[in-house]
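Asker: No sequence on hand, only this structure:
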């Protein structure tokens, strides 16, 4: 198969017959942005050997690539529109790679409501890389930024954190019970895109947890020129992770600083928390209340103590 | 320097203080699309060892990445808006890479009228890779597609082809006079973005020459369900390339099938060619008239003969 056969057979179905993609046969996609909406644009890359281990299943690479990028849209309170995919592959891909990779993208597209508008496929001198630019929309002025948190806001996260980090350790053959659960959380995070409407309605500020809970909490605080006081009556982790903690296999610190969960940190003014919690519960979610925004700029307190391990709150590339 | 220092010091200036980029500190960019315009979206990747040789100067990598992508916008008749940059680097970059790389992007941004709206920087398991998604706009319904060519249209190219291919050979130390000229054409193609208005006004179909003149001519013909009869009274090459042809160092066939020139193929109805040529000349361009669209679907004739080297008209990745 040459490049053009690959496009026709495997990538064309990802356009879901949308005319905007021009059959992947033109130099660009052309689209109308719905009247009265602003465009939200985000980009995210996953690299073999960096974001996933060499030999990861093609479907897992697809999940990880698309869901990570969608998570950024969710954190803006945006509704997905389409994505551009830049795929780099070390050699000519065969059906064994392309079929599960594109079938997984197709399933996720349907679940999260977007289509592939275009992209390119190139040969890579290294491993597999998938770079995505995802477009979404919001009503004018309604994008939820990191910078809007106010003193007194309650801080929530949309689900347990640390599972993806344990999944990565499990892949590295460190001991872990419930291995498949954690590995699935590593490869197949849930982008909280179905919460966009609720986030636009209630959140003063929002960020997705890609670098780690504490690191991303700090990013939100810095952007908002606020601090955060975190109190965990119960650690915001899954029962599976809790049982590993109880067995002394993992430490809370690892879970609070491990990245890649893609749950959202959402700040909500105190007078609106009751309604917000109710809405999330109606969607079957149990958000964790983890603390409050306070006015001491940039500082994060954990159980009343300022964090002292400030230089290693989460993932950095270099 | 960590990832966040790099963003602040080197990438933030690329936003040109546009509020849409949110200081590169949020999960996404948020922008209004000007009322009454459609969005045009294209993506392009350059990879070390594939699109440029290992050790290429950072400024040359920047030129190549941005100009290639802009060329796709030009071929749609679109006006540039902004770009997302996904940069993958094998190790933590220093000032020696980042300064010339971003300074070159900044200069090209100014020349072509766009800003950086966001992106990401990741570690790469292979070499340097720059994946760009470029956004532009057109008035509604005015994007110029590959598929609009009509029988009888005159075919033009906006400048000489083959220079970039000779530049690549020169880099590989094959003999070439005017080495610097050709190498510059290889790294620093001219995206014909200033022609967008003229292209929208006169072209029935347009494509940029990335894979090679004949390959891209064929892409346009296939999309338009037409054929093309090419006649070169003079070969559409630079005088520098012509002198290498005359010396027997390069063959016309190499120049017609070598890619990466990023000149445009423009189809213009016969009754409008005079005005079109005049407009281009007023902009200091000397387009080459290279033939006519004919109705024999998909076939390309060169000097009256159908091409027989059909399977190797240009660049393919795999």
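Answerer: Yep, that arrived. None of these values were measured; they are calculated from a predicted model.

Asker: low-confidence ranges in the stretch 1-150 of chain A?
Answerer: Counting by pLDDT under 70, the stretch 1-150 of chain A shows no low-confidence range.

Asker: does the residue in it that chain B sits nearest to sit in a helix, a strand or a coil?
Answerer: Ranked by CB to the nearest CB, the top residue of the stretch 1-150 of chain A for proximity to chain B is residue A:126, at 1.6 Å. Just so you know, the C-beta spots here come from the backbone N, C-alpha and C atoms, and that holds for glycine as well. Here residue A:126 is recorded as coil under DSSP: H, G, I helix; E, B strand; the rest coil.

Asker: I'd like to know how far the closest residue to it other than its chain neighbours sits from residue A:279.
Answerer: With sequence-adjacent residues excluded and distances taken as CB to CB, 6 or more residues apart in numbering or on different chains, residue A:126 is closest to residue B:126, at 1.6 Å. Distance from residue B:126 to residue A:279, counting by CB to CB, to the nearest Å: 45 Å.

Asker: more neighbours, these two?
Answerer: Counted by other CB atoms under 10 Å in any protein chain shown, residue B:126 and residue A:279 do not tie: residue B:126 has more neighbours, with 22 against 16.

Asker: which ones are touching the more buried one?
Answerer: The contact partners of residue B:126, taken as CB atoms under 8 Å, 6 or more residues apart in numbering or on different chains, are A:90, A:124, A:125, A:126, A:127, A:129, B:47, B:48, B:49, B:88, B:90.

Asker: Looking at these, state which has the most neighbours.
Answerer: Result: residue A:129 is most packed of these (other CB under 10 Å), 31 neighbours.

Asker: who touches that one in this structure?
Answerer: Taking CB under 8 Å, 6+ apart, one finds A:45, A:46, A:47, A:48, A:86, A:87, A:88, B:88, B:124, B:126, B:129 in contact with residue A:129.

Asker: Need phi/psi at residue A:271.
Answerer: phi -70, psi -10 (degrees, to the nearest 10).

Asker: count of residues packed around it?
Answerer: Residue A:271 has 8 neighbours, counted by other CB under 10 Å.

Asker: if I look at the residue nearest to residue A:37 when sequence neighbours are not counted, how far off is residue B:80?
Answerer: Closest residue in space to residue A:37, ignoring its immediate chain neighbours: residue A:137 at 3.9 Å, by CB to CB, 6+ apart. In this view, residue A:137 and residue B:80 are 21 Å apart by CB to CB.

Asker: And residue A:75, by the same measure?
Answerer: 27 Å.

Asker: Name the residue in the two with the higher neighbour count.
Answerer: residue A:75 (35 against 23).

Asker: Am I right that the more buried one is in contact with residue A:210?
Answerer: No. Judged on CB atoms under 8 Å, residue A:75 makes no contact with residue A:210 at a distance of 9.3 Å.

Asker: domain parsing for chain A?
Answerer: For chain A, automatic domain parsing gives the domain ranges A:3-24+A:33-138, A:146-306.

Asker: quick revisit: quickly name whichever of the contacts of residue A:129 is closest to residue A:303.
Answerer: In terms of CB to CB, no member of the contacts of residue A:129 lies closer to residue A:303 than residue A:46, at 34.5 Å.

Asker: Residue A:116: which element?
Answerer: Using DSSP states H and E, residue A:116 sits within strand A:115-123.

Asker: and that strand, is it in reach of chain B?
Answerer: Yes. Strand A:115-123 reaches chain B (CB under 8 Å from any CB of the partner chain) through A:117, A:118, A:119, A:120, A:121, A:122, A:123.

Asker: Inside strands: which ones of the contacts of residue A:129?
Answerer: A:45, A:46, A:47, A:86, A:87, A:88, B:88, B:129 (DSSP state E).

Asker: May I see those organised as CSV, with distance to residue A:269 added?
Answerer: Formatted as CSV, those follow (distance: CB to CB, whole Å):
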residue, distance to residue A:269
A:45, 35
A:46, 35
A:47, 39
A:86, 40
A:87, 42
A:88, 44
B:88, 40
B:129, 43
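
Asker: ok, the residues you listed vs residue A:186, which is closest?
Answerer: Nearest to residue A:186 among the ones in strands among the contacts of residue A:129 is residue A:46, at 11.9 Å by CB to CB.

Asker: so that closest one makes contact with residue A:62?
Answerer: No. Counting by CB under 8 Å, residue A:46 stays clear of residue A:62, with 9.5 Å between them.

Asker: Identify the contacts common to the two.
Answerer: The contact sets of residue A:46 and residue A:62 overlap at residue A:130 (CB under 8 Å, 6+ apart).

Asker: buried ones in stretch A:224-232?
Answerer: The neighbour-count criterion (16 or more other CB atoms under 10 Å in any protein chain shown) identifies A:224, A:226, A:227, A:228, A:229, A:230 as the buried residues of stretch A:224-232.

Asker: before we move on, what about stretch A:262-273?
Answerer: A:262, A:263, A:264, A:265, A:266, A:267, A:268, A:269, A:273.

Asker: Same check on stretch A:163-172?
Answerer: A:163, A:164, A:165, A:166, A:167, A:168, A:169, A:170, A:171.

Asker: do stretch A:228-245 as well
Answerer: Quick answer for stretch A:228-245 (16+ other CB under 10 Å): A:228, A:229, A:230, A:235, A:236, A:237, A:238, A:240, A:241, A:242, A:244, A:245.

Asker: Quickly find the element holding the nearest residue to the third one once chain neighbours are set aside.
Answerer: Pointing back at residue A:230 there. Nearest residue to residue A:230 in three dimensions, chain neighbours excluded: residue A:291, at 3.8 Å (CB to CB, 6+ apart). Per DSSP H and E, residue A:291 falls inside strand A:288-294.

Asker: what's the helix or strand just after that strand in contact with?
Answerer: Using DSSP H and E, the helix or strand that follows strand A:288-294 in sequence is strand A:300-302. With CB under 8 Å, 6+ apart as the test, strand A:300-302 has contacts from A:214, A:217, A:218, A:221, A:227, A:228, A:229, A:230, A:294, A:306, A:307.

Asker: again, only using 6 Å
Answerer: The contact list for strand A:300-302, computed with CB atoms under 6 Å, 6 or more residues apart in numbering or on different chains, reads A:217, A:218, A:228, A:229, A:230, A:307.

Asker: Now, those that are in strands?
Answerer: Per DSSP E, strands hold the following members of the contacts of strand A:300-302: A:228, A:229, A:230.

Asker: hang on, the earlier thing: widest-spaced pair of the buried residues of stretch A:228-245?
Answerer: A:229 and A:240 (27.7 Å).

Asker: Tell me which stretches of the stretch 1-150 of chain A form strands.
Answerer: A:29-31, A:38-47, A:79-89, A:115-123, A:129-138 (DSSP state E, counting those that start in this stretch).

Asker: which one of those lies closest to residue B:110?
Answerer: Comparison of the strands of the stretch 1-150 of chain A against residue B:110 by CB to CB identifies strand A:38-47 as nearest, at 21.1 Å.

Asker: residues touching the residue nearest to residue A:230, list them.
Answerer: By CB under 6 Å, 6+ apart, the contact list for residue A:291 reads A:155, A:228, A:229, A:230, A:231.

Asker: let's see 8 Å
Answerer: Here residue A:291 is in contact with A:154, A:155, A:228, A:229, A:230, A:231 (CB under 8 Å, 6+ apart).

Asker: Among those, which one lies nearest to residue B:149?
Answerer: residue A:155 (58.1 Å).

Asker: tally of neighbours for that closest one?
Answerer: 23.

Asker: Backbone torsions only: list them for it.
Answerer: phi -110, psi 130.
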